[in-house]
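> the sequence and its predicted three-dimensional model are supplied below.
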Amino acid sequence: MSKFFPTPKSTQLNSDVELIAFSCQDTLVQLVYLAPGATFPLHQHLESQMGMIISGRLEMNVNGTKEIIEPLQQAYIANAYVPHGSVNIFPETALVFDVKRIITSLPSEKTDEVFLKVSSKKDEMTGFPCQFVVASWFEIVITKIPPGGIIPMHQSASEKMGIILNGQLMMTVGDEQQQLEYGSIYYAPGDVFYGGYNLSDEAVSLVEILIPPRSPASYQEASFSERTARSLTAT
Ligand SMILES: [Fe+2]
C-alpha cells in the first residue's frame, strides 16, 4: 500500500450525500458531494474541521453564522466542538473538500474567524499565481500550474495534502511516483521531499493543504493585512 498516495474510500451516507475519504496519518481529507436539497445537520466533534467548495454553492452554518460559500472563494473553519452544518439550497450538486484533524495546541490564543476569504499572490517557489488562506492551524494554497509547469522537489516542516482538481499531474513523494488526476490526492509528511509536473495540455488547479501553516509569521501577516483591508473598506 502506498504511504503517500492514499486510497479513496467511498461511502454513500444517504441518497443525497456521498463521501470519498482519504486517510493521511492524523488528518482526514474528504470529498463530499451534496445533491440539491441535501442537508448536513448541525453537529460538533473533537476534531477541528475546515473546508472549501470546489464546485456548486452551499449555505454553510458555523456556530450560528450562515454564509453562502462559492467555489474556492472562502474557507469555513469549525475548530474543536464548534457546531457546523450545511444545506444545499441550490439546483446543482455541491462538491466540497473537508479536512478533519485533532488539534491539541493552537499556536496562539487567537480564535479563527469562521469564514475566511482567499487572497492572491505569486507562489514564492514556482512563481505561478496562487490564492491562499491562512488560519491558526492550517494554510490552503490553490495554484494554477500551466501545461509543462514544474513544482521543484522540496520539503518543509508542514504536512502537505494535495488535491488535483483537473488535468494530470505527475507527482513524486519520497520514493514513490504516481500520475494523479481528479479524485486522487498526495500526502507529503514534513521533511519528505516532493515535487511534480503538469503532464496535461491544460492548466491544472492544485489545492494544497498545509498543517501547520508554513510559519506563524505568515499567519500573523495575513491576519494583519486582512484587518488592514477591512479597516480600509469599512465605512
Ligand atoms: Fe463535522
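Nice, I can see it. Not measured: the values here are computed from a predicted model.
> which of the helices and strands in the chain ranks last by mean pLDDT?
Of all helical and strand segments in the chain, the minimum by mean pLDDT, DSSP states H and E falls on helix 216-233, at a mean of 49.
> you'd agree residue 67 is up against residue 73?
No: here residue 67 does not reach residue 73: they are 10.4 Å apart, not a contact under Cβ atoms under 8 Å. All C-beta spots, glycine's among them, are computed from the backbone N, C-alpha and C.
> how's this protein carved up into domains?
9-116, 117-222 (automatic domain parsing).
> and residue 206, its phi and psi?
phi -120, psi 130 (degrees, to the nearest 10).
> contacts for stretch 164-182?
2-5, 54, 145, 153, 162, 184-188, 192-200, 202-207 (Cβ atoms under 8 Å, 6 or more residues apart in numbering).
> now the buried members of those.
Neighbour counting with 16 or more other Cβ atoms under 10 Å marks 4-5, 54, 145, 162, 184-188, 192, 194-198, 200, 203-207 as buried within those.
> next step: those residues restricted to strands.
54, 145, 162, 185-188, 194-198, 204-207 (DSSP state E).
> state the number of residues packed around the residue nearest to residue 164 when sequence neighbours are not counted.
Nearest non-adjacent residue to residue 164, counting by Cβ to Cβ, 6 or more residues apart in numbering: residue 180, 4.8 Å away. Other residues near residue 180 come to 21 when the count uses other Cβ atoms under 10 Å.
> please begin residue numbering at 22 from this point
Sure, I'll start numbering at 22, so the last one becomes residue 201.
> what bridges to residue 201?
residue 190 (DSSP bridges).
> and it, how far from residue 208?
11 Å (Cβ to Cβ, to the nearest Å).
> identify the contacts common to the two.
Common contacts of residue 201 and residue 208, defined by Cβ under 8 Å, 6+ apart, comprise 26, 183.
> ok so, going back, so what's in contact with residue 88 and residue 94 at the same time?
Common neighbours of residue 88 and residue 94 (Cβ under 8 Å, 6+ apart) do not exist.
> before we move on, the earlier item: now the two most distant members of the ones in strands among the buried ones among the contacts of stretch 185-203.
Checked with Cβ to Cβ, those reach their widest spread between 75 and 216, with 23.7 Å between them.
> contacting residues for residue 108?
Applying Cβ under 8 Å, 6+ apart, we find residue 108 in contact with 59, 60, 61, 79, 80, 82.
> tell me the bridge partners for the second one.
Note on residue 60: beta-bridge partners residue 108, judged by DSSP bridges.
> repeat that for the fifth one.
Here residue 80 sits in beta bridges with residue 89, residue 108, going by DSSP bridges.
> contacting residues around it?
Here residue 80 is in contact with 87, 88, 89, 90, 107, 108, 109, 110 (Cβ under 8 Å, 6+ apart).
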